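Novice: Compute the structure for the input listed below.
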Amino acid sequence: MTAESVKSTVQDAIGGRCSLYVVLDPGGRVVHWSPCFADLSRIDPARFPGTSLDPAGFVACLNGGASDLSEASRSIELPKGHRLEVIAKALPGGGSVIAAVAVEQGKPMSSAVALARIGYCVWDLSAGRSRTCSTDFAAIHGLPPGPDTMPALQLQSILQRIHPEDRQGYSEAISRLGKDIETYDLEFRVLDGSGGLRCVREVGDSSGPENSLIGNALLIAQDITEIKARESEMLSAHDKLAQQSSHLRQLATQLEQAKREAVGAATAKSDFLANISHELRTPLNAILGFSEIMKSNGTIPVSRNRFTEYAKDIHDSGLHLLNVIDDVLDVSKLEAGRLELKEETFVLRAVVKESLRLVAERAKRAKIEIVTEVPPELPQLLADRRRIKQVVLNLLSNAVKFTPDGGTVSVSAELEPDSGALILCVSDTGIGMSDEEIPIALAPFYQVGNVIDRKFEGTGLGLPLSKDLIELHGGSLSLESVVGKGTTVRVLLPKDRLVA
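Specialist: Numbering: from 1, shown residues only. Below you'll find the predicted structure:
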């Protein structure tokens, strides 16, 4: 019989695999045996062929006392809760087999090889070599193939194939096995024949009953290269999904923000169109009404003084229309980046005076006091004079418009001590704004208050247009305001805009 046929016969006879068995011929003489059985029986393997074996004596050796095998099997108690089931069975072709099968807590302990279908090795703890080793175990460790079992596999041969960074850990674990540790569970890298690396998991166990009796350890090795690759792919896929999820959340946030901005812009433009229609219709109605009277050719009696007054009202209404249209066009040019500055050198004090004259009549009617503190010694400005005057006039007009009767509007200018920049401030004691309303007032097409309840005329383009014009000059415009107390607008023009 070949070794494989013997193993198959033993397995068929006892209903499973085991590493402790001996096969007897019909005369009771040994014809086949396992290496572990030879170690356990303490019989010289050279004497095995033809040796007669007394099953009862074998059991007595294991159990420490006399026994017989009148029954098919016998249970033998071992340390640590293990038991050894000794089975004697007749073989179909004559003879018999005696096998020892480990049992733990009443359940048969199947062979690790049968369970895992991976490489195994029975390791001699005292000699530091293998007693028997499967071809798969050798192949997993990068060793050349051999026969079905490869006895006397040396530790040094295994270590040579292990990655240098992992050798010390493996050597320490297998050296301590059966001494101060009963098991180990390691993952390490093995150099294969092609120069690549494979990942290996190996479990060493010296605690089993078959091992503890004869000083062996069972080593189970598994090639986990593909498992590690799949784990890496899964981790990579998880990270990619996490990144995509984060990106989608950011996109969702951006889309929601864009939606809010779009809705806000649409609402603002609708309000702006409703407001500007009022701003356009009022002067147009005046122009049409007065011109209708003037062309009546005497049908409607009009004195010369009233005629002159009507002409002035028509002129003022036309001028107002022109200013409204200019503001809308300026905002459009700024948003498109097409507004160009026409720079020249001029005195800021003169621009402030010109702007004050344009709002003086309205301030006088409302009994608003205007205080001016613009020193004549300030350096000249290099800027677009028309645009700077437009900013100053917008700020003064707003200050007068939103200040109740009897209030105060102040205009001041100075050089900032640290940066040398020019600071222009326009303050009022008007209605003021809350912190939430300031960004609205500085946004184009937005106005504080809705179209219906707003008490003050205007397109709402003055502040945002002024802010954009100052920023086009490299400066900044900021607001400080308190509801019921007033507003201060601070304009900063950089030092490089000043001419000594």
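Novice: contacts, neighbours, all on C-alpha from now
Specialist: Noted.
Novice: now what about stretch 155-168, what contacts it?
Specialist: Contacts with stretch 155-168, where a contact means CA atoms under 8 Å, 6 or more residues apart in numbering, come from 128-129, 141-143, 170-171, 188-192.
Novice: what's the lengthiest helix in the chain packed up against?
Specialist: In the chain, with assignment by DSSP state H, the single longest helix is helix 225-294. Secondary-structure packing of helix 225-294 (3 or more CA pairs under 8 Å, 6 or more residues apart in numbering; DSSP states H and E): strand 197-205, helix 304-336.
Novice: and the last one, which residues are buried?
Specialist: Applying a neighbour-count criterion of 16 or more other CA atoms under 10 Å, the buried positions in helix 304-336 are 307, 310-311, 313-314, 317-318, 320-321, 324, 327-328, 330-331.
Novice: about what we covered before: what's the spacing between the longest helix of the chain and its chain's center?
Specialist: Centre-to-centre, helix 225-294 and its host chain are 24 Å apart (CA atoms, centre = their mean, to the nearest Å).
Novice: Taking helix 304-336 as reference, get the angle to that helix.
Specialist: 170 degrees (axes from the mean of the first three to the mean of the last three CA atoms, to 10 degrees).
Novice: and stretch 474-491, how far apart are its ends?
Specialist: From its first residue to its last, stretch 474-491 covers 11 Å (CA to CA, to the nearest Å).
Novice: report the angle between the axes of the longest helix of the chain and strand 197-205?
Specialist: With the same axes, to 10 degrees as the basis, helix 225-294 and strand 197-205 are set at 120 degrees to each other.
Novice: and helix 225-294, average pLDDT?
Specialist: Averaged over helix 225-294, pLDDT sits at 81.
Novice: Also stretch 164-174?
Specialist: 93.
Novice: mind exporting it as PDB, just the C-alpha atoms?
Specialist: Only the C-alpha atoms of stretch 164-174 are listed here, as PDB (Å, rounded to 0.1, in the frame of the first residue of the first chain):
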ATOM      1  CA  PRO A 164      14.200  40.800   6.500                       C
ATOM      2  CA  GLU A 165      12.000  43.300   8.500                       C
ATOM      3  CA  ASP A 166       9.700  40.400   9.600                       C
ATOM      4  CA  ARG A 167      12.400  37.700  10.400                       C
ATOM      5  CA  GLN A 168      13.100  38.700  14.000                       C
ATOM      6  CA  GLY A 169       9.400  38.600  15.000                       C
ATOM      7  CA  TYR A 170       8.900  35.200  13.500                       C
ATOM      8  CA  SER A 171      12.100  33.800  15.000                       C
ATOM      9  CA  GLU A 172      11.200  35.000  18.500                       C
ATOM     10  CA  ALA A 173       7.600  33.700  18.200                       C
ATOM     11  CA  ILE A 174       8.500  30.100  17.100                       C
END
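Novice: just use 322 as the starting number from now, easier for me
Specialist: Noted, 322 is the first residue going forward, which turns the last one into stretch 485-495.
Novice: Now find how far off-centre it is within its chain.
Specialist: Put simply, stretch 485-495 sits 37 Å off its chain's centre (CA atoms, centre = their mean).
Novice: What residues of that stretch count as buried?
Specialist: Residues 488, 491, 494-495 are the ones in stretch 485-495 that count as buried (16+ other CA under 10 Å).
Novice: on that earlier part again, closest one to Val443 among the helices and strands packed on helix 546-615?
Specialist: When these are compared by CA to CA, strand 518-526 sits nearest Val443, at 9.7 Å.
Novice: Identify the residues contacting the closest one?
Specialist: 461-462, 495, 498, 503-513, 538-546, 549.
Novice: which residues touch Ser797?
Specialist: Neighbours of Ser797 in contact, by CA under 8 Å, 6+ apart: 788, 791, 812-814.
Novice: Where does pLDDT dip in the stretch 722-821 of the chain?
Specialist: In the predicted model, the stretch 722-821 of the chain carries pLDDT under 70 at residues 765-781.
Novice: Could I get the full set of helices for it?
Specialist: Assignment of helices within the stretch 722-821 of the chain using DSSP state H, counting those that start in this stretch yields the ranges 758-762, 783-793.
Novice: Kindly report the same for the stretch 372-521 of the chain.
Specialist: According to DSSP H, counting those that start in this stretch, the helices that the stretch 372-521 of the chain contains are 376-384, 433-437, 456-461, 476-482, 485-497.
Novice: Look up the closest residue to Ser755, ignoring the ones flanking it.
Specialist: Val804 (5.7 Å; CA to CA, 6 or more residues apart in numbering).
Novice: if I read this right, that neighbour contacts Asp756, doesn't it?
Specialist: No: look at Val804 against Asp756 with CA atoms under 8 Å: they stay out of range, at 9.0 Å.
Novice: still on that earlier bit, of the helices and strands packed on helix 546-615, which shows the lowest average pLDDT?
Specialist: helix 625-657 has the lowest average pLDDT among those, namely a mean of 75.
Novice: helix or strand right after that helix?
Specialist: strand 664-667 (DSSP states H and E).
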